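Chemist: Got a sequence here, can you model it:
(chains A and B)
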Number of protein chains: 2
Amino acid sequence: MKIAFDIMGGDFAPAEALKGVQLFFDENQDQTVHLLLIGTPETHADCDKLLEPYKGRYTYIEAPQVIGMHEHPTKALKEKQQSSIAIGFGLMQAKKADAFIGAGNTGAMMVGAMYTVKNIPGVQRPTIASPVPRTDKKFNLLLDVGINADCKAENLVQFAILGSKYMQHVFGVENPKVGLLNIGEEEGKGNLLALAAFPLLKENKDINFVGNVEGRDLFTTKADVIVCEGFVGNVVLKMTESLYQLLIEERKLEDEFLDTFNHEIYGGTPILGINDTVIIGHGVAHALAFKNMIDVARKNIKVDLPGKLKSYFAPSEEA
Amino acid sequence: MKIAFDIMGGDFAPAEALKGVQLFFDENQDQTVHLLLIGTPETHADCDKLLEPYKGRYTYIEAPQVIGMHEHPTKALKEKQQSSIAIGFGLMQAKKADAFIGAGNTGAMMVGAMYTVKNIPGVQRPTIASPVPRTDKKFNLLLDVGINADCKAENLVQFAILGSKYMQHVFGVENPKVGLLNIGEEEGKGNLLALAAFPLLKENKDINFVGNVEGRDLFTTKADVIVCEGFVGNVVLKMTESLYQLLIEERKLEDEFLDTFNHEIYGGTPILGINDTVIIGHGVAHALAFKNMIDVARKNIKVDLPGKLKSYFAPSEEA
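Modeler: Now for the predicted structure:
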């Protein structure tokens, strides 16, 4: 399998991205994984030097341009066709890569995914999902976490399906429990969206709906997949991430559970509902996050998650 | 001033409620505060025994009925007119109490407030606000935290005004900074509601609007008052409360900042935008919370917050 990797993306790229690649090769002996590292010509020599022991496991692709973290996504993608992000999506479009990953400009990664990789037919809104730590050392999958700020009830049902299949196939969670993020335990509680979504989730035979999940249940094992509108999901996600910074990094608390609030452990955020695997890293990703991002991409490809999603949402097109 | 207190409300009532009263009398020597303790006839003797040293600082009012935590609010209020909650609101209506507080059935407290105390004319939606701990040992006020699950932009502007006046008058925060809970830093980010609310907040001369506040800023000093729809506010609040339980109570971490996640410190949740002071306690309130609830009610009355809100929202009616 070929995984394209924008090594220029992220606040600490390319140094941390390359260290992440090194870590991945160190830990993973699977020779079928070939990385396509996309970086500036200036980084080429450093890369080859660092990865000398792993020759043959990667190809360096020179990208003369880089899209900055704060550039306008659509404009930048159009004007910088030789940027690492544009080249990455070019490889996807030409079927020369099975996945594209990177921690660069999130908007540009999203726009690129939507316009080149595109939705699976039948998926109304692709979504981004994020792991949320929980007390049993596993994690819950929360989605959407930001690209769909306003949602319809039908979108939440699709998120439930996308999230369930991701947890089942990529992380081996059998029959994942789906919860609806809400402000009360009982059916009949909630805002208009939650009230409309509850019966649709309840009657859907393809998911294991367990009912409402409240703010206090986010870190528990009440559900494996938690669906919500992107607005609230994003607030929850950033709040969770800030706790790691506040409590572990600043206040130096020592606690195994709080350690799992480190987003680097989880790698990146998959875009679910598109035709191929694209994973967006956190802007502040370090080597550990990059290594895990590569590994999550590898798992997605290995189980052919996009293929499985396509057979579910667009079975006729598959046949 | 007279503060009516439903000592039968809450999972640990009346024992913890009475201990809270005792604590309050111990710590507060202000003889102008007279408590109207509303409880069952069976509790009367225990109360008088416990509060023997404080004779004259309270009056016991017997309520033969109690509304359970899970009863239907409107139905229960109608059918149990001799319940502690119904009697409390009766005292408010008859102007025999300046405030009513309790940790009983939240719905019944809300319904009672809406139907007997009623909105200040000009306030579209009364709101409930909750303190959120922050790193400098003060707190941010988050509102709405649950009674207005779906909001319009104009509601958020009123929440900003109500929250600012509460923080200014009751907690002495000069010119409180108001933030809009959102999913990005810049204007132009957000869901439809946030996009509509931002310009209204920005142009309002009666508040000190500082822009968007993200999930990661909730525990920081970026704002003093954070406005949001009740749905997301409730999720944030319950998540915050669960951290205290998970990290301090269960995992026994020791940390001064995390200690401030204990909701008992803050007493209760004021209903803002109604004609008098009503404070709702947390169902699991203990003595400390009850003591603080009485104290917050005292402060509200002392500065005449309801009067100040009325002169702002309905100046003509005042004149």
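
Chemist: Do a quick rundown of the strands in the stretch 201-319 of chain A.
Modeler: Here the stretch 201-319 of chain A has its strands, by DSSP state E, counting those that start in this stretch, at A:208-213, A:225-227, A:268-272, A:277-281.

Chemist: Near chain B, which residues of the stretch 51-200 of chain A? Just list them.
Modeler: Proximity of the stretch 51-200 of chain A to chain B (CB under 8 Å from any CB of the partner chain) is limited to residues A:135, A:146, A:149, A:150, A:181, A:183, A:190, A:191, A:192, A:194. (Glycine included, C-beta is placed from N, CA and C.)

Chemist: before we move on, the earlier item: turn the strands of the stretch 201-319 of chain A into a markdown table, columns for distance to residue A:287 and mean neighbour count.
Modeler: Shown next, in a markdown table, are the strands of the stretch 201-319 of chain A (distance: least, CB to CB, whole Å; neighbours: other CB atoms under 10 Å in any protein chain shown):
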| stretch | distance to residue A:287 | mean neighbour count |
| --- | --- | --- |
| strand A:208-213 | 33 | 20 |
| strand A:225-227 | 29 | 29 |
| strand A:268-272 | 13 | 26 |
| strand A:277-281 | 11 | 28 |
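
Chemist: nearest to chain B, of these?
Modeler: Across those, chain B has its closest neighbour in strand A:208-213 (9.6 Å, CB to the nearest CB).

Chemist: pLDDT on that closest one, on average?
Modeler: Mean per-residue pLDDT for strand A:208-213: 98.

Chemist: Run the chain-centre distance for that strand.
Modeler: Its chain's C-alpha centre and that of strand A:208-213 lie 23 Å apart, by CA atoms, centre = their mean, to the nearest Å.

Chemist: Selecting buried members of the residues of the stretch 51-200 of chain A next to chain B in ChimeraX, what would you type?
Modeler: Per 16 or more other CB atoms under 10 Å in any protein chain shown, the buried members of these correspond to this ChimeraX selection:
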select /A:146,149,181,183,190,191,194
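
Chemist: got TSV for the strands of the stretch 201-319 of chain A, with distance to residue B:96 too?
Modeler: TSV is the format used below for the strands of the stretch 201-319 of chain A (distance: least, CB to CB, whole Å):
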stretch	distance to residue B:96
strand A:208-213	40
strand A:225-227	47
strand A:268-272	57
strand A:277-281	61
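
Chemist: Please convert these to a markdown table, extending it with distance to chain B.
Modeler: Output for the strands of the stretch 201-319 of chain A, formatted as a markdown table (distance: least, CB to the nearest CB, whole Å):
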| stretch | distance to chain B |
| --- | --- |
| strand A:208-213 | 10 |
| strand A:225-227 | 11 |
| strand A:268-272 | 14 |
| strand A:277-281 | 15 |
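
Chemist: so which of these comes closest to residue B:86?
Modeler: strand A:208-213 (29.8 Å; CB to CB).

Chemist: what lines up beside the closest one in the sheet?
Modeler: Looking at strand A:208-213 with DSSP bridges, its partner strands are strand A:177-181 (parallel).

Chemist: Can I get the strand it pairs with as PDB, trimmed to CA atoms?
Modeler: The C-alpha coordinates for strand A:177-181 follow below in PDB (Å, rounded to 0.1, in the frame of the first residue of the first chain):
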ATOM      1  CA  LYS A 177     -22.700   1.200  21.100                       C
ATOM      2  CA  VAL A 178     -24.000   4.400  19.700                       C
ATOM      3  CA  GLY A 179     -25.000   7.300  21.900                       C
ATOM      4  CA  LEU A 180     -26.700  10.600  21.100                       C
ATOM      5  CA  LEU A 181     -25.000  13.500  22.800                       C
END
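
Chemist: Nearest residue to the residue of the stretch 1-150 of chain A found nearest chain B in space, ignoring adjacent ones along the chain?
Modeler: Here the residue of the stretch 1-150 of chain A nearest chain B is residue A:149; by CB to the nearest CB that distance is 3.8 Å. Spatial nearest neighbour of residue A:149, chain neighbours left out: residue B:191 (3.8 Å); criterion: CB to CB, 6 or more residues apart in numbering or on different chains.

Chemist: try residue A:214
Modeler: Distances taken as CB to CB, 6+ apart put residue B:238 closest to residue A:214, at 5.2 Å, once the chain neighbours are dropped.

Chemist: That neighbour: neighbouring residues, count only.
Modeler: Residues near residue B:238, counting by other CB atoms under 10 Å in any protein chain shown, number 18.

Chemist: Give me the distance between the nearest residue to residue A:59 once chain neighbours are set aside and residue A:11.
Modeler: Setting aside the residues directly before and after it, residue A:59 is nearest to residue A:36 in space (CB to CB, 6+ apart), at 5.4 Å. Look at residue A:36 and residue A:11: by CB to CB, to the nearest Å, they are 22 Å apart.

Chemist: Have a look at the two and say which one is more surrounded.
Modeler: Shown here are residue A:36 and residue A:11; by other CB under 10 Å, residue A:36 has more neighbours (21 against 12).

Chemist: Now do the SS call for the more buried one.
Modeler: Under DSSP: H, G, I helix; E, B strand; the rest coil, residue A:36 falls in the strand class.

Chemist: For the residue nearest to residue A:149, report the pLDDT, please.
Modeler: Note on residue B:191: pLDDT of 97.

Chemist: got a list of what residue A:231 touches?
Modeler: Contacts of residue A:231 were listed using CB atoms under 8 Å, 6 or more residues apart in numbering or on different chains, and they are A:149, A:150, B:183, B:190, B:191, B:194, B:232.

Chemist: In strands, which of those fall?
Modeler: In strands, judged by DSSP state E, none of those are found.

Chemist: Specify which member of the residues you listed is nearest to residue B:70.
Modeler: For those, the nearest to residue B:70 is residue B:232 (25.3 Å; CB to CB).

Chemist: near chain B, which residues of the stretch 201-319 of chain A?
Modeler: Residues of the stretch 201-319 of chain A lying close to chain B (CB under 8 Å from any CB) are A:214-219, A:229-232, A:234-243, A:245-247, A:251, A:253, A:255, A:257-258.

Chemist: List the contacts of the residue nearest to residue A:59.
Modeler: A:2, A:3, A:4, A:5, A:58, A:59, A:61, A:91, A:96, A:97.

Chemist: The same query, at a cut-off of 10 Å, please.
Modeler: For residue A:36, the contact set (CB atoms under 10 Å, 6 or more residues apart in numbering or on different chains) comprises A:2-6, A:58-61, A:87-88, A:91, A:96-100.

Chemist: what's across from residue A:279 in the sheet?
Modeler: Beta-bridge partners of residue A:279, as defined by DSSP bridges: residue A:101, residue A:270.

Chemist: Test my guess that residue A:137 contacts residue A:131.
Modeler: No: the pair residue A:137 / residue A:131 is not scored as a contact, 11.9 Å apart, by CB atoms under 10 Å.

Chemist: Could you pull out the residues contacting both of the two?
Modeler: residue A:260.

Chemist: out of these two, which sits in the busier spot?
Modeler: With neighbours defined as other CB under 10 Å, residue A:137 and residue A:131 compare such that residue A:131 has more, 22 against 10.

Chemist: That one falls within a strand, correct?
Modeler: Yes: Residue A:131: assigned to a strand according to three-state DSSP.

Chemist: contacting residues for it?
Modeler: Here residue A:131 is in contact with A:138-142, A:167, A:171, A:237, A:240, A:260, A:263, A:265-269, A:296 (CB under 10 Å, 6+ apart).

Chemist: if I look at it, how far off is residue A:58?
Modeler: 27 Å.

Chemist: Which among the residues of the stretch 201-319 of chain A next to chain B count as buried?
Modeler: A:214-219, A:229-232, A:234-243, A:245-247, A:253, A:257-258.

Chemist: Which of those residues fall in helices?
Modeler: A:230-232, A:234-243, A:257-258 (DSSP state H).

Chemist: Right, I'll call it a day here.
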